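Colleague: could you look at this predicted model? Sequence included:
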Amino acid sequence: MSTRPTFADITDQFAAQEIELPSWAFGNSGTRFKVFGTPGTPRDPFEKIADAAKVHELTGLAPQVALHIPWDLCDFDELTAHAAGLGVRLGTVNSNTFQDDDYKFGALTHEDERIRTKAIDAHLECIDVMDRTGSRDLKIWLAEGSNYPGQADMRGRQDRLHDSLSKIYDRLGEGQRMVLEYKFFEPSFYHTDVPDWGTSYTQVAALGDKALVCLDTGHHAPGTNIEFIVMQLLRLGKLGSFDFNSRFYADDDLMVGAADPFQLFRIIHEVIRGGGLNSPDIAFMLDQCHNVENKIEGQIRSVLNVQEMTARALLIDTEALTKAQRAGDVITANDIFMDAFYTDVRGDLAEWRVSRGLPADPIRAFRESGYQEQIAADRVGGTQAGWGA
Ligand code: LRH
Ligand code: MN
Ligand code: MN
């Protein structure tokens with residue numbers, strides 16, 4: 001008798017899934033060559049939250065929105081109430097030490113104590129925001145490093161990074177956490193101070209239980225086995241969050257699951273294997289930009305892609321897989337894995353959505369809702385928010 005799970009067997013598990021949206025995905029973005037303005041783009045954090053709430057309304061998947069400070073600076077009591085009124089919550093607070101002249105040669109790692117203190121203070125202000133919004137996680141990504149061999153004392157910078165992170169860590173309140181994101185290059189091209197999961201792990205392990213690693217799927221060299229890293233961090237109890245997106249060449253920030261759905265499937269398989277699916281300890285966030293596609297539709301497509309690959313990964317016959325692995329039956333093990341990956345769950349998911357009072361096709365429902373036309377008409381005047389403010 002087959003031990004392969006049916007769609008009915010897995011619904012409870014993907015029904016509980018929550019994906020956090022980035023406020024900046026709704027702002028205009030582009031490349032260093034051109035940022036295209038689009039009608040209806042939010043002019044402030046309140047309008048970004050409204051667009052995010054629309055994604056949640058149509059998919060039931062995205063009840064939380066991450067903020068970026070200072071891009072989203074505003075009255076946070078009002079923003080918290082605004083979000084609640086629209087049926088969503090404010091989530092992870094992202095710090096930004098990459099758009100200030102003082103940080104040209106580093107922020108938390110800078111040689112100059114005055115600049116380090118300024119960067120530490122920027123993070124303490126983010127924790128103040130978290131206190132107001134009820135957010136749990138402070139997410140730190142650092143644009144620090146050097147471009148030329150000999151330019152910087154890499155070792156001294158690690159030591160200063162530890163000191164600065166410790167000061168931020170000490171300010172975390174009850175129930176608050178810090179997640180440290182790594183990226184192997186950009187904006188520095190020779191060395192980056194937190195280039196990989198090992199460095200992030202080393203730094204957060206030295207701080208304590210409230211410090212964890214954030215894995216951005218776009219921040220690895222081509223060909224990296226990202227699911228291996230997911231497995232290892234879960235094994236170590238140090239995976240705090242994901243920044244999901246997909247890439248062809250660099251940190252492309254394209255829609256998750258668009259460039260390589262199989263990679264997303266493999267990552268989610270390891271999440272499930274490691275007990276991370278629907279774990280309150282792991283935030284599933286998107287970190288994306290929509291340069292040429294409609295931003296709200298881009299976010300809807302992305303959360304659906306995650307849901308789809310989650311459903312497929314849940315369909316793996318793990319009992320048969322373990323048996324084949326133990327027997328050294330390579331072909332059968334691979335067949336079982338691929339069988340789940342090749343299962344088209346889109347029809348079942350559409351039916352399941354309808355059973356929950358959600359539209360069968362959320363993108364079509366968005367197009368038919370008139371929301372895009374409405375915001376294009378309403379949001380005239382003022383300055384459109386960019387990838388940034
Ligand atoms: C850096 C990054 C980080 C930033 C975001 C805007 O490449 O992934 O998470 O906060 O982009
Ligand atoms: Mn990121
Ligand atoms: Mn990135």
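Modeller: Nice, I can see it. Numbers count the residues shown, from 1 in each chain. Ligands and ions are numbered 1, 2, ... in the order given.
Colleague: phi, psi of the residue of the stretch 51-200 of the chain found nearest ligand 1?
Modeller: Distances between the stretch 51-200 of the chain and ligand 1 by Cβ to the nearest ligand atom are smallest at W141, namely 3.8 Å. Heads up, the C-betas are built off the backbone N, CA and C, glycines and all. Torsion angles at W141 (phi, psi; degrees, to the nearest 10) stand at phi -120, psi 130.
Colleague: and the gap between it and C289?
Modeller: 15 Å (Cβ to Cβ, to the nearest Å).
Colleague: and stretch 323-338, end to end?
Modeller: Counting by Cα to Cα, to the nearest Å, you get 16 Å between the two ends of stretch 323-338.
Colleague: who touches stretch 246-262?
Modeller: 29, 183, 186, 216-219, 222, 244-245, 263-264, 286-290, 293, 298, 301-302, 305-306, 308-309, 341 (Cβ atoms under 8 Å, 6 or more residues apart in numbering).
Colleague: quick check: end-to-end length of that stretch?
Modeller: Stretch 246-262 end-to-end distance (Cα to Cα) = 11 Å.
Colleague: run the contact check for it versus ligand 1.
Modeller: Yes: residues of stretch 246-262 contacting ligand 1 under Cβ under 6 Å from any ligand atom: D251.
Colleague: and that stretch with ligand 2, contact?
Modeller: No: Stretch 246-262 is not in contact with ligand 2 by Cβ under 5 Å from the ion; minimum separation 8.0 Å.
Colleague: from the chain's centroid, how far away is that stretch?
Modeller: 13 Å (Cα atoms, centre = their mean, to the nearest Å).
Colleague: try stretch 320-330
Modeller: Using Cα atoms, centre = their mean, the offset of stretch 320-330 from its chain centre is 33 Å.
Colleague: what's the answer for stretch 232-241, then?
Modeller: The answer for stretch 232-241 is 15 Å, by Cα atoms, centre = their mean.
Colleague: for stretch 360-376, same thing?
Modeller: On Cα atoms, centre = their mean, the centre of stretch 360-376 falls 24 Å from the chain's centre.
Colleague: ditto for stretch 287-302
Modeller: Taking mean C-alpha positions (Cα atoms, centre = their mean), stretch 287-302 and its chain are 13 Å apart.
Colleague: what's the answer for stretch 96-115, then?
Modeller: That offset, for stretch 96-115, works out to 24 Å (Cα atoms, centre = their mean).
Colleague: and the residue of the stretch 51-200 of the chain closest to ligand 1, bridged to which residues?
Modeller: E181 (DSSP bridges).
Colleague: tell me, how many residues neighbour R364?
Modeller: 11 (other Cβ atoms under 10 Å).
Colleague: ignore what I typed, I meant D77.
Modeller: Around D77 there are 10 residues (other Cβ under 10 Å).
Colleague: that one: what secondary structure?
Modeller: Three-state assignment for D77 (DSSP: H, G, I helix; E, B strand; the rest coil): helix.
Colleague: name the nearest residue to it, ignoring sequence neighbours.
Modeller: Distances taken as Cβ to Cβ, 6 or more residues apart in numbering put R132 closest to D77, at 6.3 Å, once the chain neighbours are dropped.
Colleague: go ahead and confirm that neighbour touches F76.
Modeller: Yes: in this structure, R132 is within contact of F76 by Cβ atoms under 8 Å, at 4.0 Å.
Colleague: higher neighbour count, the two?
Modeller: Between R132 and F76, F76 has the larger neighbour count (other Cβ under 10 Å), namely 22 against 14.
Colleague: just checking, that one touches G134?
Modeller: No: using Cβ under 8 Å, F76 is not in contact with G134; the gap is 9.7 Å.
Colleague: so what's in contact with these two at the same time?
Modeller: With Cβ under 8 Å, 6+ apart as the test, F76 and G134 both reach L90.
Colleague: hey, what's the most centrally placed residue in the chain bridged with?
Modeller: Centre of the chain computed as the mean C-alpha position; nearest residue by Cα atoms, centre = their mean is D243, 2.3 Å away. When assigned by DSSP bridges, D243 has beta-bridge partners D216, M285.
Colleague: so how far is S164 from the residue nearest to R4 when sequence neighbours are not counted?
Modeller: If you skip the residues right next to it in sequence, R4 has D317 as its closest partner in space, 4.0 Å away by Cβ to Cβ, 6+ apart. For D317, the distance to S164 (Cβ to Cβ) stands at 48 Å.
Colleague: which one's more surrounded, those two?
Modeller: S164 (22 against 17).
Colleague: ok, now how distant is that one from K139?
Modeller: On the measure of Cβ to Cβ, S164 and K139 end up 16 Å apart.
Colleague: repeat that for A53.
Modeller: For A53, the distance to K139 (Cβ to Cβ) stands at 21 Å.
Colleague: more neighbours: which of those two?
Modeller: With neighbours defined as other Cβ under 10 Å, A53 and K139 compare such that K139 has more, 27 against 20.
Colleague: before I go, just wanted to say thanks for your time.
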